[in-house]
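Peer 1: Provided below are the primary sequence and the corresponding predicted coordinates.
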Amino acid sequence: MRTYDGPVIDAHIHPFIDTKDFIGRFGIPATLEEMASTLKANGFTRACGSVIERKKAESFEDVKKLNRMALQARDLYRDLFIPGIHVHGTFPEESVQELEYMYKEHSVRWIGELVAHSLGTGAYDSPGMFAIYETAVKLGVPVNIHCADLAVVETVVKNFPNLNVVLAHPDDAASFLERSGLVSRYKNLFLDISGTGLFRWGMLKYCVKLMGPEKILFGTDFPICNPAMYVAGVLAENLSPEENHLIFAGNFLRLTGMTL
């Protein structure tokens, strides 16, 4: 197994301030401090993601509250957490204002992970979401979406060829083949390897061969999944040093325009 001594940026985590927003299964980590220490202990340089609340947003204030908690996590651990923010297709005008505010005032460069069934955002290809994507394109901010309907994903990337869309999770079996095939066909569609999929031996090397290492972002879905297993899983596939760097950090930095 190759070794790697470069930066590791997790593009897919879910920090929490309030324990009610913890989305793991077994109560660990119990606090944001424990979450941060776990990531640092396992060699993570930075970690990016949104705060998830498992209830439908009744107003845009519910969305803003989650975004403010993402900023709070960033402010508590500036050397680690990168905020990912929510937008909501039911509230397109408010979402555009929020995105512009977060971009200009807080240097936020990442939308998502968006999880439609958690906040009730509606379809990712709705007119409201399309209005939000127009601003994301203007600002150059990528959007990370959780979506099982690949026809919807394809509609988005076709209509917004200058919007960088990061599809969350490789998934498994036939679904993985469909998802990776779709990513390989669109230059503005990328895949983060969080969640299911990486445990299948050879999956990552298959993705590299099919779509190129520049289309793959490292992610874990921590605290749902064990972050150390994902680092080991990438290294075990014996990719080249250049491929490892792109996956672990380079692609995220390129898409966001951020530096370490």
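Peer 2: Yep, that arrived.
Peer 1: just the C-alphas of the strand or helix carrying Glu34, formatted as PDB.
Peer 2: Taking DSSP states H and E as the criterion, Glu34 maps to helix 32-41. Taking Å, rounded to 0.1, in the frame of the first residue of the first chain, the C-alpha atoms of helix 32-41 are listed here in PDB:
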ATOM      1  CA  LEU A  32     -18.000  19.200  17.900                       C
ATOM      2  CA  GLU A  33     -14.800  19.100  19.900                       C
ATOM      3  CA  GLU A  34     -14.700  15.300  19.700                       C
ATOM      4  CA  MET A  35     -15.500  15.500  16.000                       C
ATOM      5  CA  ALA A  36     -12.600  17.900  15.400                       C
ATOM      6  CA  SER A  37     -10.100  15.900  17.500                       C
ATOM      7  CA  THR A  38     -11.100  12.600  15.700                       C
ATOM      8  CA  LEU A  39     -10.400  14.200  12.300                       C
ATOM      9  CA  LYS A  40      -7.100  15.700  13.400                       C
ATOM     10  CA  ALA A  41      -6.000  12.500  15.000                       C
END
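Peer 1: next structured bit after it?
Peer 2: Scanning onward from helix 32-41 (DSSP H and E), the first element met is strand 46-49.
Peer 1: I'd like the average pLDDT over that following strand.
Peer 2: Looking at strand 46-49 alone, the average pLDDT works out to 98.
Peer 1: centre of the chain to it, how far?
Peer 2: 8 Å (Cα atoms, centre = their mean, to the nearest Å).
Peer 1: now the helices for the stretch 51-200 of the chain?
Peer 2: Using DSSP state H, counting those that start in this stretch, the helices of the stretch 51-200 of the chain run over 60-76, 92-106, 116-119, 127-139, 150-159, 173-185.
Peer 1: and these, which one averages the lowest pLDDT?
Peer 2: Among the helices of the stretch 51-200 of the chain, helix 116-119 has the lowest mean pLDDT, at a mean of 90.
Peer 1: which elements pack onto that helix?
Peer 2: helix 60-76 (3 or more Cβ pairs under 8 Å, 6 or more residues apart in numbering; DSSP states H and E). Any C-beta I mention is one placed from the backbone N, CA and C, and that applies to glycine too.
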